[in-house]
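Novice: Sequence first, predicted model second:
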Amino acid sequence: MIRCLIFLFCLFWLSNSTMAQNGDYYPVTAVPFTSVIVTDKFWQVKIETNRTSTIPIAFKRSEETGRTNNFKVAGGILKGKHNGGRGFDDSDVFKVIDGASYSLQTHLDAALEKYLDSLIYFIDKAQEPDGYLYTVKTIIKDSSHRDSKLPKWVGDEDGSHELYNLGHLYEAAVAHFQATGKKTLLNIALESADLVNNVFGWGKLEMVLGHQEIEIGLVKLYTVTEEKKYLNLAKFFLDKRGQSKANTVYNQTHKKVINQNEAVGHSVRALYMYSAMADVAALTGDKSYMNASDKLWHDIVDTKLYIIEGVGAAGGSEGFGGKYELPNLKAYNETCAAVANVFWNERLFLTYADAKYIDVLELALYNNVISGVSLDGDKFFYPNRLASDGHSERSEWFKTSCCPSNIARILPSIPGYIYAYDKESIYLNLFISSKATINKSGNKIIVEQESNLPWDGDVSFIISPAIESSFNVKVVIKVNGKQINFTAEKGYAVINQKWRKGDNVTIYFPVEVREIISNENIKSNKGTVALQAGPIIYCTKRVDYKNGISSNLMLDDKQPLLLKYNALLLHGVMTIEGKASSFYENDENKMTDSQVLFKAIPYYAWANREQKDMEVWLPVFKEAVKPVKKPTIESLSKVTS
């Protein structure tokens, strides 16, 4: 999709707000979500549902499953046992605190803030005097758990989650500090990080980690404190990979990170690591990290990425399969991996200012991420299949609940993905109705956007600089009703214009049904198409057919498919409707067909009604169709005015 960028000629320099708030250690800076008010009919509802339903449910489940009590028991507030010995349970509480803190930054809630204060008190009591914080080893003193059999830290190389948990603690601590100004959780995190720094490093305990995440958290602590030791430690944990006896593909320790050029192993671990590599590269200028990232990105996007921008074909390892190994019925596409994919692609955009990374981010958000949660925000998918035989449905919770807690923290941060800027430019990346404010040196720039995506492609925005200035705009088609010619650059349209307060930009993206052809190397998709309109991928479900049939449907390329908005269906969605053929065996044991009314719904909204079968890739009557490489949004989009 063509996107938009305002290129400023000396209009202002970038904000000097703290690095932790907006990540301004990258060449491009994301406009923080606290400076963006979302009014969008599509996303505002989902963000509000997350605030009022998902976050409270996540806290409730953490209490019911003993995750919260683990901190109380570890701190001597309660007598009891560990809730079950799952070493990663601490991280779920940290992630929900992370999401709740994001929510507080845009929606004041005294009751929620008070609840967070109580949780932080329990966490503080659970922290040992030297800063150590891992409830499994604090509570379980015998050898009944694999982690408690070994000294502190030693088990992490073999799969313990001590340091993984702490990474999520550090992220939550920064978010809570930014939301409330309180240092209660931040102080806990810093005590912990100082301990980790005393234990690990070159010439100290040189060990690789079983599950990456602490690297991201350490970078966030560095951006708040500007203590170089945290950044150095994050880099140590990355550089140590590939230099240990425990080298495995599963956790990406088989090679040095700068020598990895193929995405392998556990997909969430990998994408957290890739995100940390981008952070460290931005802060240190280490180009070898970004050279590796470029190769990894192309390996995934060119050969291992599902149409919903999901990753992870192999359920057993929760990881990447081989090249073009993208099964539909057994697809894994873990929700956590979708969240991590968003994190990584945003960082790559902030590095290169290239819209192709926003293309992946956008499709992942609209399809794989929000497929992971029900429309009411109370049920969740761990894997996200691309076909179902009727036995897939969302769950209220999981023993391993990383996915619901990741949903809770990414949805409040979505406003922060809409706009970005560098020292010359403002980028408008996601077409979501909103109002963004950028302040600097006495010049306040307000960008107001009106959009009805994903259902139609009429987009307009008003640019209001406090000081009239000349600058270029990328992506505009009309300014104040007058058509403007443009050229393309990195997915953006470029024109020159002198701008005044209140200038109106309008864009028209034709949201129409597109038939996507799979890469020819994916044999299971041969002779099929997937349907897309705007950023939304569609699927069919048996519940939408009178005779309960959908798995034996075949589209006819000569039959038109039309978009139709239904305000009463699935909280309001655009459906794709038309005619298709249904094949069945007649009384004479011969295959015959009849025409049926075809209907497809957005993929993210499936499994919110009856538990029925589902398909994304559909057989189609097409003569002499040669499969081509999976097209990008840019190659599929047309921009008219």
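Specialist: Received the coordinates, thanks.
Novice: Now the element after the helix or strand where residue 297 lies, going C-ward?
Specialist: Per DSSP states H and E: residue 297 is located in helix 287-303. Following helix 287-303 in sequence order, the next helix or strand is helix 335-352 (DSSP H and E).
Novice: What is that following helix packed up against?
Specialist: Helix 335-352 is packed against strand 29-30, helix 267-284, helix 287-303, helix 355-363, helix 402-410, with contacts defined by 3 or more C-beta pairs under 8 Å, 6 or more residues apart in numbering; DSSP states H and E. All C-beta spots, glycine's among them, are computed from the backbone N, C-alpha and C.
Novice: about what we covered before: and the helix holding residue 297 with helix 355-363, angle?
Specialist: Here helix 287-303 points in a direction 60 degrees away from that of helix 355-363 (axes from the mean of the first three to the mean of the last three C-alpha atoms, to 10 degrees).
Novice: How about residues contacting helix 287-303?
Specialist: Defining contact as C-beta atoms under 8 Å, 6 or more residues apart in numbering, one finds that helix 287-303 is touched by 238, 257-263, 274, 277-278, 280-281, 311, 320, 323-324, 348, 351, 360, 521, 629.
Novice: from these, which would you call buried?
Specialist: 238, 257-258, 260, 262-263, 274, 277-278, 280-281, 311, 320, 324, 348, 351, 360 (16 or more other C-beta atoms under 10 Å).
Novice: Return the set of buried residues in the helix holding residue 297.
Specialist: 289-290, 292-293, 296-297, 299-301, 303.
Novice: Just put the residues you listed in JSON lines and tack on pLDDT and distance to residue 185.
Specialist: Formatted as JSON lines, the buried residues of helix 287-303 follow (pLDDT from 0 to 100; distance: C-beta to C-beta, whole Å):
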{"residue": "289", "pLDDT": "97", "distance to residue 185": "29"}
{"residue": "290", "pLDDT": "96", "distance to residue 185": "32"}
{"residue": "292", "pLDDT": "97", "distance to residue 185": "33"}
{"residue": "293", "pLDDT": "97", "distance to residue 185": "31"}
{"residue": "296", "pLDDT": "98", "distance to residue 185": "33"}
{"residue": "297", "pLDDT": "98", "distance to residue 185": "33"}
{"residue": "299", "pLDDT": "98", "distance to residue 185": "37"}
{"residue": "300", "pLDDT": "98", "distance to residue 185": "34"}
{"residue": "301", "pLDDT": "97", "distance to residue 185": "37"}
{"residue": "303", "pLDDT": "97", "distance to residue 185": "41"}
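Novice: Put together JSON lines for those residues, with distance to residue 234 on each row.
Specialist: As requested, the buried residues of helix 287-303 are arranged in JSON lines below (distance: C-beta to C-beta, whole Å):
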{"residue": "289", "distance to residue 234": "11"}
{"residue": "290", "distance to residue 234": "16"}
{"residue": "292", "distance to residue 234": "16"}
{"residue": "293", "distance to residue 234": "15"}
{"residue": "296", "distance to residue 234": "18"}
{"residue": "297", "distance to residue 234": "20"}
{"residue": "299", "distance to residue 234": "24"}
{"residue": "300", "distance to residue 234": "23"}
{"residue": "301", "distance to residue 234": "26"}
{"residue": "303", "distance to residue 234": "29"}
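Novice: if we take those residues, which one ends up nearest to residue 423?
Specialist: Closest approach to residue 423 among the buried residues of helix 287-303 (C-beta to C-beta): residue 290, at 19.9 Å.
Novice: Low-confidence regions, the stretch 301-450 of the chain specifically.
Specialist: Residue ranges of the stretch 301-450 of the chain with pLDDT under 70: 439-443.
Novice: Okay, domains of this protein per the record?
Specialist: Using automatic domain parsing, the domain parsing of the chain gives 1-21+432-509, 32-240, 514-630.
Novice: what's the first-to-last distance across the longest one?
Specialist: In domain 32-240, first residue to last residue: 33 Å (C-alpha to C-alpha, to the nearest Å).
Novice: Find out how far it is from the centre of the chain, if you would.
Specialist: 19 Å (C-alpha atoms, centre = their mean, to the nearest Å).
Novice: Now residue 531. Nearest residue, chain neighbours left out?
Specialist: Using C-beta to C-beta, 6 or more residues apart in numbering and skipping the chain neighbours, the partner closest in space to residue 531 is residue 538 (4.2 Å).
Novice: So that neighbour belongs to a helix, correct?
Specialist: No. Assessed with DSSP: H, G, I helix; E, B strand; the rest coil, residue 538 is strand; it does not lie in a helix.
Novice: That one against residue 600, yeah?
Specialist: Yes. At 4.0 Å, residue 538 counts as touching residue 600 under the criterion of C-beta atoms under 8 Å.
Novice: Need the overlap of contacts for the two.
Specialist: 531, 576.
Novice: Which parts of the stretch 1-150 of the chain are strands?
Specialist: 4-8, 29-30, 36-38 (DSSP state E, counting those that start in this stretch).
Novice: tell me the most buried of the domains of the chain?
Specialist: domain 32-240 (a mean of 20; mean count of other C-beta atoms under 10 Å).
Novice: Thanks again, I'm all set now.
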